[in-house]
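K.L.:
model this:
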Amino acid sequence: MTSPARRLRKTLAAVPVIAAAVGGTIAVATPANASSTWAELRQCESGGNYSINTGNGYYGAYQFSVRTWQGLGYSGLPSAAPPAVQDEAALRLAQRSGFGQWPDCGRGMGPDQLAPGASSPGASQASRSAPRAPLVTQAISSTTARLPFTTALAGQYRADVRSWQAQMNKIGYSLAVDGHYGPRSAEAARALQRAKGLAVDGVVGPKTWAATFA
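P.N.:
Predicted structure coming up:
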C-alpha cells in the first residue's frame, strides 16, 4: 500500500534526530506518525488529499496501488474516485486484511476503527460504542437513481446500486452491499420480482425499485 519513496522518507523520519549536544549529552526526538483514527491515517498517508497523484504508483487519500484498488472491485484511478468511495474502499481493505496495509501510518489503528462507516469523515464524532447502520452514502430516490440496473454494471461502483442493495437486505433478501450490480444482485431482483408479481427479468427498473422501497 505504501510507495517506496514514502517508505524511505518515513524510515528516515523514524531515525532519532539529534536535537542538541550539551556537555556530552545528546537529546534526541523521534517523530511519532502512527495513527489512531481514519482522519489521522489520511493525514499521515497523503496529507488528507483525496485527489493526490504524485506519479509514484500510489493514489488518493489512502495511497492505494491500482492493483489493490482493482482487487477490491473498483475501476479507474483511486485518486479520481469520490472521497466516500475511497473511504469505503479503505475500510473494506482494513476489514479484510488489517491495518498492516499501512505499515507506518496504521500502527495505532485498532478494532474500534473497523465498524461499518468508521472511515467516513465525521464518524469520529459519533459514539464508537453506538451501533452503526451499514454505510450508505445518502438516501437515493427513484428520481436520482440511474435506472435501470443490469449486470452490465457489474464492473462499476454505483452509490444508487448500493442503496438498493442495502434496502433489499432490510426486506429479507441476503445480498452483498458493495455497489456492484452483478449476477447475485440480478438473482435477488428476480426473487423480488417473482414475489411481487412483476416481470421476472433481473433488471431493476422503476417498478422493481418501487417494489423494493414500498
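
K.L.:
Go ahead and flag the most central residue of this structure.
P.N.:
Glu88 (1.7 Å; CA atoms, centre = their mean).

K.L.:
Helix, strand or coil: sort out that residue for me.
P.N.:
helix (DSSP: H, G, I helix; E, B strand; the rest coil).

K.L.:
doesn't Gln95 make contact with it?
P.N.:
No - Glu88 is not in contact with Gln95 according to CB atoms under 8 Å; the separation is 10.5 Å. (Each C-beta comes from the backbone N, C-alpha and C, glycine too.)

K.L.:
I'd like to know how far the residue nearest to the centre of the chain sits from Leu198.
P.N.:
30 Å (CB to CB, to the nearest Å).

K.L.:
Could you point out which residue ranges in the protein have low pLDDT?
P.N.:
Flagging of the chain using pLDDT under 70 yields the residue ranges 1-33, 122-143.

K.L.:
in this structure, which spans are helices?
P.N.:
Along the chain, counting by DSSP state H, helices occupy 4-14, 38-46, 66-71, 83-97, 159-170, 183-196, 206-213.

K.L.:
so what's Pro148 up against?
P.N.:
Pro148 sits next to 203-205 when contact means CB atoms under 8 Å, 6 or more residues apart in numbering.

K.L.:
Tyr59: neighbour count?
P.N.:
27 (other CB atoms under 10 Å).

K.L.:
Verify the contact between it and Trp69 for me.
P.N.:
Yes - judged on CB under 8 Å, Tyr59 makes contact with Trp69 at a distance of 7.5 Å.

K.L.:
list residues touching both of those two?
P.N.:
77-78.

K.L.:
ok, Leu72 - contacts?
P.N.:
With CB under 8 Å, 6+ apart, Leu72 has these contacts: 89, 92-93.

K.L.:
Likewise for Gly60?
P.N.:
46, 50-53, 77-79, 81, 86.

K.L.:
Chain neighbours aside, what residue packs nearest to Leu51?
P.N.:
Actually, residue 51 is Ser rather than Leu. Excluding the flanking residues, the one nearest Ser51 by CB to CB, 6 or more residues apart in numbering is Ser79, at 5.2 Å.

K.L.:
Pro111 versus the one you found, what's the distance?
P.N.:
28 Å.

K.L.:
what's the answer for Ala159, then?
P.N.:
Distance from Ala159 to Pro111, by CB to CB: 27 Å.

K.L.:
Between these two, tell me which one has more neighbours.
P.N.:
Ala159 (19 against 9).

K.L.:
For Gly172, see how far away that one is.
P.N.:
22 Å.

K.L.:
what's the answer for Tyr58, then?
P.N.:
41 Å.

K.L.:
out of the two, which sits in the busier spot?
P.N.:
Using other CB under 10 Å as the criterion, Tyr58 and Gly172 rank with Tyr58 on top: 25 against 9.

K.L.:
What's opposite the more buried one in the beta bridge?
P.N.:
Beta-bridge pairing of Tyr58 under DSSP bridges involves Ser65.

K.L.:
Please tell me I have it right and it contacts Arg67.
P.N.:
No - counting by CB under 8 Å, Tyr58 does not reach Arg67; the two are 10.6 Å apart.

K.L.:
Report the buried residues of stretch 104-116.
P.N.:
104-109, 113, 115-116 (16 or more other CB atoms under 10 Å).
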